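Peer 1: what follows is a predicted protein model with its sequence.
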Amino acid sequence: MFTLAIVGRPNVGKSTLFNRLLESRKAIVDDQSGVTRDRQYGIADWSGKTFNVVDTGGFVDNSDDLFEREIAKQVMIAIEEANALLFMTDAATGITDLDEEMVQLLRRSPKPVFLAVNKVDNHQRQLEATEFYSMGLENTFFISSMSGSGTGELLDAIVALIPDGDETVDPHEGLTKIAILGQPNVGKSSLLNALTGQERTIVSDIAGTTRDTIHTRYNLFQKDFVLIDTAGIRRKKKVDEDLEFYSVIRAIKAIDEADVCMIVLDAEKGIAAQDLNIYSLAARKGKAIVILVNKWDLVEKQTNTARDYEKELKQRLAPFNDVPIVFVSATEKIRIFKGIEVALEVNENRTKKISTSELNKVMLKAIESYHPPMVRGHLIKIKYMTQLPTRVPSFAFFTNFPDDIKTPYRNYLENQLRQQFNFTGVPVRIFFRKS
Ligand code: GDP
Ligand code: GDP
């Protein structure tokens, strides 16, 4: 998917714009289970085009004396990794030294750069803001992130760059693609090595649809699948490996290309905030998910250790926590193939199609035993339902008052779907439509 990176010094209004970009999406997003919005990245919709937005501001530690250097680094990475850049400045403060430094870097960008001069809230600002033309960037827009003025034109110009049907030809069409994701040092490479250690398992090695991920086809225990690896490439690069932004932008690409996201954790360290962000992004993108708790060999175990660990982890993942958790050790080669097997299973759940008759039989019974509560004195009736022909399991429930069904009842329906049909590891979407 097309990725737009927002760069700019602190306080110019990046996150304000970011939230605005994601707003159009909110209605759709809130319909899904397990959604938490974060300040760093999201999916924007405009004029029928969908794209990733990364707010680099979320990755800068403002208290750091070195933040200017950090920002410069992020600009370089954004140029390398994103499809287009949105450089944001502030009309209220005018051009600063840091703006000048950034534009030096951006002028050399082979990727399109949009300059958004923000906080142009009134006519006076409009006049003052013309000084930004001196930056010499071709695509200059004057906007107010707060009121939204000018942002429509900006978005029109950005989405004009996105080709229709932004999907590259896939040499592995039809095979399940599993992205291996996780923080540095959790054991992603070890896991890959453990798998490749098996003889004659690799069928082919094809660079991903972008040069940033490696797609390797495996044939293991009669199963044919593709692993998407971001860890290997990171190693070869000179750029600061631990830079969070760098791994995040890579992860977003891998998620886009995958059917299943395999999130690897270090058992001793547990789940990090960044993992939760990746998890929620994968869910929003409608991917199947499996969690591997690696380095399980290092954990001192008693009778219920795994069970307790799983329970605690699921609490962190809530509300969408119907996901399989597999305890593995990459170096000791414990249950690593189990991890793959479960990943293939969740993909089956994701592609599962339930016949309308079966669905109605089961779900009408569930509705019969627990009706939607009355709203403003009227009875809410759900008459029938059907699975939509989408890539992510989505269900339309036809009802007399689609707007009056509240989240708790929606959750009840989702839980029923999960219990009756097994959608473990898969985000499920539910829509209410007027019958
Ligand atoms: P970031 O650090 O670049 O992400 O900046 P923020 O989005 O946090 O915004 C910094 C400050 O500028 C906040 O107080 C915002 O309310 C304010 N701000 C953002 N956009 C506008 C705008 O269009 N006009 C005005 N007047 N203030 C804005
Ligand atoms: P990556 O950055 O996620 O690719 O992590 P690596 O595969 O490079 O592993 C980081 C470190 O953790 C290495 O020293 C590995 O040997 C070690 N490691 C990886 N998996 C395991 C495991 O299952 N058990 C133990 N004890 N160490 C592991």
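Peer 2: Good, I have the coordinates. Numbers count the residues shown, from 1 in each chain. Ligands and ions are numbered 1, 2, ... in the order given.

Peer 1: need the residues of the protein near ligand 2, please.
Peer 2: 182, 184-190, 231, 294-295, 297-298, 329-332 (C-beta under 6 Å from any ligand atom). (Each C-beta comes from the backbone N, C-alpha and C, glycine too.)

Peer 1: where does Glu222 fall, phi/psi-wise?
Peer 2: I think there's a mix-up here, since residue 222 is Gln and not Glu. The phi/psi pair for Gln222 (degrees, to the nearest 10) reads phi 60, psi 20.

Peer 1: lowest-confidence helix or strand of this structure?
Peer 2: Lowest by mean pLDDT, DSSP states H and E among the helices and strands of the chain is strand 202-207, with a mean of 44.

Peer 1: tell me the contacts of the residue most central in space within the chain?
Peer 2: Averaging the C-alpha coordinates of the chain gives a centre point, and the residue nearest to it by C-alpha atoms, centre = their mean is Leu281 (2.6 Å). For Leu281, the residues meeting the contact criterion (C-beta atoms under 8 Å, 6 or more residues apart in numbering) are 41-42, 252, 255.

Peer 1: now intersect the residues you listed with the strands, please.
Peer 2: Using DSSP state E, the subset of the contacts of Leu281 located in strands is 41-42.

Peer 1: max pairwise distance over the contacts of Leu281: which two?
Peer 2: Across those, the two members that end up farthest from each other (C-beta to C-beta) are Gly42 and Ile255, 12.6 Å apart.

Peer 1: part of a helix, is Thr50?
Peer 2: No - judged by DSSP: H, G, I helix; E, B strand; the rest coil, Thr50 forms no part of a helix; its state is strand.

Peer 1: how many residues are close by the closest residue to it other than its chain neighbours?
Peer 2: Spatially, and ignoring its direct neighbours in sequence, Thr50 is nearest to Ile43 (6.1 Å; C-beta to C-beta, 6 or more residues apart in numbering). Using other C-beta atoms under 10 Å, Ile43 is surrounded by 19 other residues.

Peer 1: on the pLDDT front, check the residue of the stretch 1-150 of the chain found nearest ligand 2 for me.
Peer 2: Using C-beta to the nearest ligand atom, the point where the stretch 1-150 of the chain gets nearest to ligand 2 is Ile77, with a distance of 18.2 Å. According to the predicted model, the pLDDT of Ile77 comes to 80.

Peer 1: follow-up on the earlier one: who does the helix or strand following the least confident helix or strand of the chain touch, helix- and strand-wise?
Peer 2: Next along the chain after strand 202-207, taking DSSP states H and E as the criterion, comes strand 214-220. Judged by 3 or more C-beta pairs under 8 Å, 6 or more residues apart in numbering; DSSP states H and E, strand 214-220 is in contact with helix 188-196, strand 202-207, strand 223-229.

Peer 1: go with 10 Å
Peer 2: Contact here means 3 or more C-beta pairs under 10 Å, 6 or more residues apart in numbering; DSSP states H and E; on that basis strand 214-220 packs against strand 176-181, helix 188-196, strand 202-207, strand 223-229, helix 231-236, helix 244-257, helix 336-351.

Peer 1: in it, what's buried?
Peer 2: Using 16 or more other C-beta atoms under 10 Å as the test for burial, strand 214-220 gives 214-218, 220.

Peer 1: for the residue nearest to Thr50, give me its contacts.
Peer 2: Counting by C-beta atoms under 10 Å, 6 or more residues apart in numbering, Ile43 makes contact with 1, 21-22, 25, 28-29, 50-53, 252, 256, 281, 284-285.

Peer 1: ok, Met262 - how many residues close by?
Peer 2: Each residue near Met262 was counted by other C-beta under 10 Å, and the total is 26.

Peer 1: pretty sure it contacts Thr176?
Peer 2: No - counting by C-beta atoms under 10 Å, Met262 stays clear of Thr176, with 11.1 Å between them.

Peer 1: so what sits against both of these two?
Peer 2: When contacts are counted by C-beta under 10 Å, 6+ apart, Met262 and Thr176 are jointly contacted by 227, 288, 340, 343, 346.

Peer 1: doesn't the residue nearest to the centre of the chain belong to a helix?
Peer 2: Yes - according to three-state DSSP, the state of Leu281 is that of a helix.
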